[in-house]
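1. next comes the sequence, and after it the predicted model I'd like to discuss.
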Amino acid sequence: MAKSGNDAQTNVLGVSLRPYEPGDEDAAVALWLRTWQAAYPAIDFAARLGWWRERWRQELVPAAEIVVAEAAGGIIGFVTVDPRTRYLDQIVVAPEFWRSGVGSALVAAAARLSPEVSIWTSTPTMRVPYASMKSAAFASAVAGSIRFPASRYTA
């Protein structure tokens with residue numbers, strides 16, 4: 001089962017952050033599909049859904065710390081961090097919440113879980129490494145961005 005060092009918390013957007021629970025699987029997998037399909041419409045992510053669900057169950061949930069973002073009773077985002085490798089594998093935010101601050105909140109949660117977290121990104125705004133995951137500039141650059149991986153940055 002996934003673990004999280006975060007207690008539930010709420011930010012000014014009315015978004016709650018809490019640890020992942022086993023009952024979140026279907027909503028998290030559906031959000032992954034919808035979000036990645038919106039980011040990369042030319043790729044058929046529905047064809048990859050079986051692979052993703054297996055990876056979610058076998059690789060991420062057992063090993064990663066997962067923080068879920070909720071609003072209006074539904075999951076609108078999540079972040080996964082492997083505490084052993086400090087690798088941020090997934091940050092997913094529902095498209096209607098891109099650039100709303102949800103991504104920043106999830107990045108901040110990742111930094112609390114693993115202050116030396118590493119990410120890979122293909123986002124052009126991320127071409128300059130930042131000194132810290134706690135950097136407001138870093139969080140702003142990542143917010144709303146889900147286009148991973150290409151370049152690696154270690155905080």
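-> Received it, and whenever you're ready, just let me know what you need.
2. going by C-alpha atoms from here, please, whenever you check contacts or count neighbours.
-> Fine.
3. max-length strand in the chain?
-> strand 74-82 (DSSP state E).
4. show me what counts as buried in it.
-> The neighbour-count check on strand 74-82 (16 or more other CA atoms under 10 Å) flags 75-82 as buried.
5. packing partners for it?
-> Identification of packing neighbours for strand 74-82 by 3 or more CA pairs under 8 Å, 6 or more residues apart in numbering; DSSP states H and E yields helix 25-39, strand 65-71, strand 87-93, helix 102-113.
6. could I get those as a markdown table with distance to P19?
-> Below are the helices and strands packed on strand 74-82 laid out as a markdown table (distance: least, CA to CA, whole Å):
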| stretch | distance to P19 |
| --- | --- |
| helix 25-39 | 12 |
| strand 65-71 | 5 |
| strand 87-93 | 14 |
| helix 102-113 | 10 |
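7. of those, which is nearest G50?
-> G50 lies closest, by CA to CA, to one member of the helices and strands packed on strand 74-82: helix 25-39, at 10.0 Å.
8. quick one: contacts of that closest one?
-> When contacts are defined by CA atoms under 8 Å, 6 or more residues apart in numbering, helix 25-39 is touched by residues 43-46, 49, 52-53, 56, 75-78, 92-95, 146-147.
9. sort out which of these are buried, if you could.
-> The buried subset of those (16+ other CA under 10 Å) comprises 45, 52-53, 56, 75-78, 92-95, 146-147.
10. now distance to A28 and pLDDT too, for those, in JSON lines please.
-> Below are these laid out as JSON lines (distance: CA to CA, whole Å; pLDDT from 0 to 100):
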{"residue": "F45", "distance to A28": "14", "pLDDT": "90"}
{"residue": "W52", "distance to A28": "11", "pLDDT": "92"}
{"residue": "R53", "distance to A28": "10", "pLDDT": "95"}
{"residue": "W56", "distance to A28": "9", "pLDDT": "95"}
{"residue": "I75", "distance to A28": "7", "pLDDT": "96"}
{"residue": "I76", "distance to A28": "9", "pLDDT": "95"}
{"residue": "G77", "distance to A28": "8", "pLDDT": "95"}
{"residue": "F78", "distance to A28": "8", "pLDDT": "95"}
{"residue": "V92", "distance to A28": "9", "pLDDT": "93"}
{"residue": "V93", "distance to A28": "10", "pLDDT": "93"}
{"residue": "A94", "distance to A28": "10", "pLDDT": "93"}
{"residue": "P95", "distance to A28": "14", "pLDDT": "91"}
{"residue": "I146", "distance to A28": "15", "pLDDT": "35"}
{"residue": "R147", "distance to A28": "17", "pLDDT": "37"}
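11. right, I'll leave it there.
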